[in-house]
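**Student:** give the three-dimensional model of this entry:
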Amino acid sequence: MEKISRTKVVDVLRRTDFGATVNVKGWVRTRRGSKQVNFIALNDGSTIHNVQIVVDLETFDEEMLKQITTGACLSVNGILTESPGAGQNAEIQATEIQVLGTCDNTYPLQKKGHSLEFLREVAHLRPRTNTFGAVFRISHHMSMAIHQFFHERGFFNFHTPLITASDCEGAGQMFQVTTLNLYDLKKDENGSILYDDDFFGRQTSLTVSGQLEGELAATALGAIYTFGPTFRAENSNTPRHLAEFWMVEPEVAFNEIGENMDLAEDFIKYCVQWALDHCMDDITFLNNMFDKGLIERLQGVLKDSFVRLTYTEGIRILEEAVAGGRAFEFPVYWGADLASEHERYLVEEHFKRPVILTDYPKEIKSFYMKQNEDGKTVRAMDVLFPKIGEIIGGSEREADYNKLMTRIQEMNIPMKDMWWYLDTRKFGTCPHSGFGMGFERLLLFVTGMSNIRDVIPFPRTPRNAEF
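**Tutor:** Sure, this is the predicted structure:
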């Protein structure tokens, strides 16, 4: 086969130099045709669109042609020609075909519709489908948008540890990291495990957040963001929870809660705009196949400024809705941690646009949040989105050493693990704020998918660590 440098399908489809000889390589999506001519749809992952290969059967070896089945991998040389078919600019008249990899009929992705549940069982192959090709290309673009947004604004990307001895959220639902022999654990007289022989000489876990270390960096570099994997060992089998997910966490010295809200709104609008600017082919496919309101919803988020609402006011609206006959599964009262159904009511039914909810009761929020003068609430903020509920959670941080210390003691957080964090409040403390955004929650919104397991390549959930 003549050696011609490969052109990606995304680039071939844009070309208009008809008559040129080109080479494409990719996987067969479908093959159809008559006794004289066959049409092969070839895709290499560079775009949602396939390139059509036109094969004059008389000029090719019959045995080789038998190997061209759904899923087979081909290298094709041919003449770029103008396509008579609607929806595509160019196709390729094949002159040479080489089968790089055959694919027998046990291939699970034969040409028919597959349920998303079935595709989770073949997560090693699902990136080859149109749906997951689209999702993972959008995922890449959202990563680029995130880095670009912060880079343009003078933030520094900061790597925080994945293995840690502190529990940022105080929730205790952490995966342990150990090299101890679990069949023969040494214990002290109280029955507690001795970690002296462990790799780090102490109990360590996978991180639930890079925030605490991010605060250290912000009080040195001014404005930082982390973007990395985080781990939660909570037994949540919901369409919105993963045990391993990615978090974006900016932290900014001298920002108070108002500036933190501005940053969150600017950030998420930037990401949505980036998706509309760079991923329209994939978004259009997902809009047509899964969620007819997707494009409209993405554009809607950009249109209006987000509603800013105190938790107390939000509860009042929800209580009025209940009084008016609106049924919720979970009770509504001041002091309750809002469920997704409450958040979505405020966003989708009451205001019909995103909401930033602020000033939550201190009892339902983390120890590090700045307390308001009322003694009851803290300067927390959650950004609530249609279809998702909470997409961003953040706060102004408590900068006062004594107040932070009191809160740590009230919540029985082991002080021995927190001394380094408290140093930032002893040595030149300053107002500072930040937030965390679950990357996969952003992807849920931008792709219109309804289950978080379908926006990460290999989901980690309770009782599932396949692939």
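
**Student:** do you know the pLDDT at the residue lying closest to residue 273 once chain neighbours are set aside?
**Tutor:** In space, and not counting its chain neighbours, residue 273 is closest to residue 302: 6.1 Å by CB to CB, 6 or more residues apart in numbering. The C-beta positions use only the backbone N, C-alpha and C, and glycine is treated the same way. Here, the pLDDT recorded for residue 302 equals 96.

**Student:** secondary structure class of residue 302, three-state.
**Tutor:** On the three-state scheme (DSSP: H, G, I helix; E, B strand; the rest coil), residue 302 is labelled helix.

**Student:** surely it touches residue 272?
**Tutor:** Yes. At 6.0 Å, residue 302 counts as touching residue 272 under the criterion of CB atoms under 8 Å.

**Student:** between these two, who's got more neighbours?
**Tutor:** residue 272 (22 against 12; other CB atoms under 10 Å).

**Student:** which ones are touching that one?
**Tutor:** By CB atoms under 8 Å, 6 or more residues apart in numbering, the contact set of residue 272 is 298, 301-302, 445-446.

**Student:** re the thing from before, and the gap between the residue nearest to residue 273 and residue 319?
**Tutor:** Residue 302 is 31 Å from residue 319, where distance means CB to CB, to the nearest Å.

**Student:** and residue 419, by the same measure?
**Tutor:** Applying CB to CB to residue 419 and residue 319 gives a distance of 43 Å.

**Student:** so which of the two has more stuff around it?
**Tutor:** A side-by-side neighbour count of residue 419 and residue 319, using other CB under 10 Å, places residue 319 first with 14 against 9.

**Student:** the more buried one and residue 331: what is the separation?
**Tutor:** Applying CB to CB to residue 319 and residue 331 gives a distance of 10 Å.

**Student:** cool, residue 156 as well?
**Tutor:** 44 Å.

**Student:** what does residue 190 give?
**Tutor:** For residue 190, the distance to residue 331 equals 40 Å [CB to CB].

**Student:** more crowded one of the two?
**Tutor:** Neighbours around residue 190 and residue 331, counted as other CB under 10 Å, are more numerous at residue 331. The numbers are 9 against 5.

**Student:** just the pLDDT at that one, thanks.
**Tutor:** For residue 331, pLDDT reads 96.

**Student:** for residue 172, same thing?
**Tutor:** So residue 172 comes in at 60 (pLDDT).

**Student:** can you pull out the strands in the stretch 351-467 of the chain?
**Tutor:** Secondary structure of the stretch 351-467 of the chain (DSSP state E, counting those that start in this stretch): strands located at 355-361, 377-385, 389-396, 432-438.

**Student:** average pLDDT for the second one?
**Tutor:** Spelled out, that is strand 377-385. Strand 377-385 comes out at a mean pLDDT of 97.

**Student:** same question for stretch 363-371.
**Tutor:** For stretch 363-371, the mean per-residue pLDDT is 94.

**Student:** try stretch 189-198
**Tutor:** 93.

**Student:** that stretch: which residues count as buried?
**Tutor:** 195, 198 (16 or more other CB atoms under 10 Å).

**Student:** quick one: contacts of it?
**Tutor:** 178-180, 185-188, 201-204.

**Student:** which one of those is nearest residue 144?
**Tutor:** residue 204 (32.6 Å; CB to CB).

**Student:** which residues does that closest one contact?
**Tutor:** 163-165, 176-178, 198.

**Student:** one more time with 10 Å
**Tutor:** With contact set as CB atoms under 10 Å, 6 or more residues apart in numbering, residue 204 has these partners: 161, 163-166, 174, 176-178, 195, 198.

**Student:** for these, which one is nearest residue 354?
**Tutor:** Each of the contacts of residue 204 was checked against residue 354 using CB to CB; the closest is residue 174, at 31.0 Å.

**Student:** beyond the helix or strand where residue 147 lies, next helix or strand please.
**Tutor:** When elements are assigned from DSSP states H and E, residue 147 belongs to helix 130-152. Downstream of helix 130-152, the first helix or strand assigned by DSSP H and E is strand 156-157.

**Student:** neighbouring contacts of that next one?
**Tutor:** The contact list for strand 156-157, computed with CB under 10 Å, 6+ apart, reads 146-147, 150-151, 217-218, 220-228.

**Student:** which of the residues you listed are buried?
**Tutor:** In those, the ones that pass as buried (16+ other CB under 10 Å) are 146, 150, 217-218, 222-228.

**Student:** secondary structure, pLDDT and distance to residue 37 added to those residues, as a markdown table?
**Tutor:** Below are these laid out as a markdown table (DSSP: H, G, I helix; E, B strand; the rest coil; pLDDT from 0 to 100; distance: CB to CB, whole Å):
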| residue | secondary structure | pLDDT | distance to residue 37 |
| --- | --- | --- | --- |
| 146 | helix | 98 | 47 |
| 150 | helix | 98 | 52 |
| 217 | helix | 98 | 62 |
| 218 | helix | 98 | 64 |
| 222 | coil | 98 | 64 |
| 223 | strand | 98 | 60 |
| 224 | strand | 98 | 59 |
| 225 | strand | 98 | 54 |
| 226 | strand | 98 | 55 |
| 227 | strand | 98 | 50 |
| 228 | strand | 97 | 51 |
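
**Student:** now for those residues, which pair is the farthest apart?
**Tutor:** 222 and 228 (20.2 Å).

**Student:** put together a markdown table for the contacts of residue 272, with distance to residue 38 on each row.
**Tutor:** Formatted as a markdown table, the contacts of residue 272 follow (distance: CB to CB, whole Å):
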| residue | distance to residue 38 |
| --- | --- |
| 298 | 39 |
| 301 | 45 |
| 302 | 45 |
| 445 | 41 |
| 446 | 37 |
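
**Student:** perfect, I'm done here.
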